[in-house]
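In: Need a 3D model of the following:
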Amino acid sequence: MSYSFSELDFLKPELGAEFIGEGTHFALFSAHAEAVELCLFSPDGKQETQRLALPKREGDIWSGFVAGLQPGTLYGYRVHGPYDPKNGHRFNPNKLLLDPYAKQIVGDLSWDDSLYGYTIGADDGDLSFDKRDSAAFMPKGVVQNPDFDWSGDEAIRRPWTDTIIYEAHVRGLTMQHPDVPDDLRGTFLGMCSEPILDHLTKLGVTAIELLPVQYFLDDRYLVEKGLRNFWGYQTLGFFAPQSRYLSGDQIAEFKTMVKAFHSVGIEVIMDVVYNHTAEGSERGPTLSFRGIDNLSYYIQSPDELRHTFDTTGTGNTLNVAHPMVMRMVLDSLRYWVGVMHVDGFRFDLASTLGREGLRFDREGGFFDAIRQDPILAGVKLIAEPWDVGMDGYQVGGFPFPFREWNDKFRDDVRRFWRKDSGLVAPLAERLTGSPVQFDHSGRSATTSVNLLSAHDGFVLADVTAFNDKHNEANGEENRDGHDGNQSDNMGIEGETEDENVLTARARRRRAMIATLFFSQGVPMLLGGDELGNSQGGNNNSYCQDNEIGWISWEGREDPLLDFCRAAIAFRKSHPLLRQERFLKGEPGDPPAPFVSWLKPDGSGMDEAAWGNGETRIVMMHLKDAPGEDGTADELLLALNAGDATPIQLPDGNGWQPAFTSAEQMDIDENRMTEIPGQSVLVFSRKG
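Out: Numbers count the residues shown, from 1 in each chain. Next up is the predicted model:
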């Protein structure tokens, strides 16, 4: 069928391809283009069937309406303009370009030298011009019909005080689960299958944070080594679900997953990557943004426009300060909330999004835009508060309503339980929500997202089993990944059958998990940690789409899973552990929960005790504001990283054992007990 642009003269505000019943409206932003061609393809994507010049330009929006063009049509763009790399322009109409607003992307990118705007191997490098057509090697956009039956689905909007996050990977969580159907493993439908939902609901988590599920690429150098981009931090399509996670060819599968999670009370948070794209540096391929308007979409080097400016470690930095790039990011976020019904976002390398020019600005345009947006201001927003650029480390520097990943919690908790010196005061900070970092500018005690481990770094089992990283499978001679893991192999590197070592490792993992769930802030559990899952010491599994990166479900019978369930249930049943306001050192006015700190003998901590680097016990006394009956709930948390030690509970009777990470706990008539080494004990009282 042959198509042509309608003579109807109208400009719709939406960018991308929008089916409106009688046909499809196409719109693309490019400030420096001279012409834009819409390319239509056969259903298998192999043959370009038509090439139509977008007829209308208003401002920097190129658009046109194609009557009769239906959902399912495959398309891309060719954009004409100056090829002038020294001045930041890299237009090359020989390269088929993916629509930045494509709602579905089909076909795998097949790496070929024709995908580059310059000729690889040419004497003048990226200043050369390549005339080969790249269409045969490119994925294509698909015109979408957004209809879906959302009946019965409602946004949960759970308070942060009640939120427990579970970070997981679509393939990693499902590929080895014995009860997930084979044809659904590694897919969105596998994620919402009954075995996975049953596991998560019994565990007690309230939100699942998905590693990137927007359309991403496998890096060329990984493909050439026989590896894949497992984590997904190379986004190319900010509106399209990753095609490899679909069991069929319909993006409705993503919506089905979200609706299923909502039906059991679990919110869906997406890990999103708006700091860079998969096109890399100026020596990377021309796949979309670079060929549409390189100078607008990417930050260029202030010294020479030929080069991209890289604050992300990936070769390029998306120019979010540009109004139309900002609009694309906001349109994408609103799309995932409004059309796909997700509940929030975790922003990868979020410091980049706050850069005005080259410096981070917590009052920058991106944060202002988010805060004033009626759709986005009400969803969960989490920042990874760093990048690799100047002033990139910004833990505590983000504005409300952002929450932040807190690597200080991770590192201090690991070091405390490893029995490092001088960790009593830092651990007290982490137990109370890291107020030094976050108690300012009206921010909440739920600002800190506390974690023991995440996709990047050692999983919890490996924190207690390896002193060193073992990333040989990544093909980089073990040079990649972090070296400072704050880990401890407990005497033997890696796997062992030594029962004493295994017992010590299990005890420390329980103590660390209790610390996570009994601290103020928002706990985040890495998927698989509750099962004792190991990655064999690989702390950078970004390219391991195999048994290294996939979760082993053999730990379903491990007592650790029941312990995690109990710790989460205990947190849920004790509001003292999940306060909205930061705890103070004395009763507030009006009355409010407060915290005090004790020595093992029951007396208050003093300056000498806080400064004693050899102390291994932290005792935190929490007391709630009195209720209408004049009584108040109290908790005493005792954390002992050292040897078994007798401790004295605070004055007054009524203390009861409430929770232990050890084997048992008792209180004698003098309110004395012994806390085993590497253990957490919790006592409760109402008085």
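In: helices or strands up against whichever helix in the chain runs longest?
Out: Using DSSP state H, we find that the single longest helix of the chain is helix 499-517. With contacts taken as 3 or more CB pairs under 8 Å, 6 or more residues apart in numbering; DSSP states H and E, helix 499-517 sits against helix 407-417, helix 424-431, helix 460-463, strand 522-526, helix 559-573, strand 679-686. Backbone N, C-alpha and C define where each C-beta goes, glycine included.
In: what's the following helix or strand after the helix or strand L295 falls within?
Out: In the assignment (DSSP states H and E), L295 maps to helix 289-297. Going down the chain from helix 289-297, the next helix or strand is helix 323-338, by DSSP H and E.
In: Could you export that following helix as CSV, CA atoms only?
Out: The C-alpha coordinates for helix 323-338 follow below in CSV (Å, rounded to 0.1, in the frame of the first residue of the first chain):
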residue,chain,number,x,y,z
PRO,A,323,14.4,22.5,26.9
MET,A,324,13.4,19.9,24.2
VAL,A,325,15.6,17.2,25.7
MET,A,326,14.1,18.0,29.1
ARG,A,327,10.7,17.7,27.5
MET,A,328,11.6,14.3,26.1
VAL,A,329,12.6,13.1,29.6
LEU,A,330,9.5,14.4,31.2
ASP,A,331,7.2,13.1,28.4
SER,A,332,8.9,9.7,28.9
LEU,A,333,8.3,9.7,32.6
ARG,A,334,4.7,10.9,32.2
TYR,A,335,4.1,8.1,29.6
TRP,A,336,5.3,5.4,32.0
VAL,A,337,3.1,6.7,34.8
GLY,A,338,0.0,7.7,32.7
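In: got a list of contacts for that helix?
Out: By CB atoms under 8 Å, 6 or more residues apart in numbering, the surrounding residues in contact with helix 323-338 are 15, 29, 31, 60, 100-101, 103, 238-239, 270, 272, 274, 296-297, 318-320, 342-343, 345, 353, 365-366, 369-370, 373, 375-376, 379.
In: Repeat that for stretch 369-379.
Out: 157, 326, 330, 333-334, 337-338, 342-345, 381, 399-401.
In: ok now stretch 271-280, how far from the chain's centre?
Out: Distance of stretch 271-280 from its chain centroid, counting by CA atoms, centre = their mean, to the nearest Å, is 13 Å.
In: Which residues belonging to it are considered buried?
Out: D271, V272, V273, Y274, N275, H276, T277, A278, E279, G280 (16 or more other CB atoms under 10 Å).
In: Could you find the closest non-adjacent residue to the fifth one?
Out: Of all residues not flanking N275 in the chain, T352 sits nearest, at 3.7 Å (CB to CB, 6 or more residues apart in numbering).
In: So what's the residue count around that neighbour?
Out: 27 (other CB atoms under 10 Å).
In: ok, now I156?
Out: With other CB under 10 Å as criterion, I156 counts 15.
In: Burial check on the residue nearest to it when sequence neighbours are not counted, number of neighbours?
Out: Using CB to CB, 6+ apart and skipping residues adjacent in sequence, the residue nearest I156 is E267, 5.1 Å away. Using other CB under 10 Å, E267 has 23 neighbouring residues.
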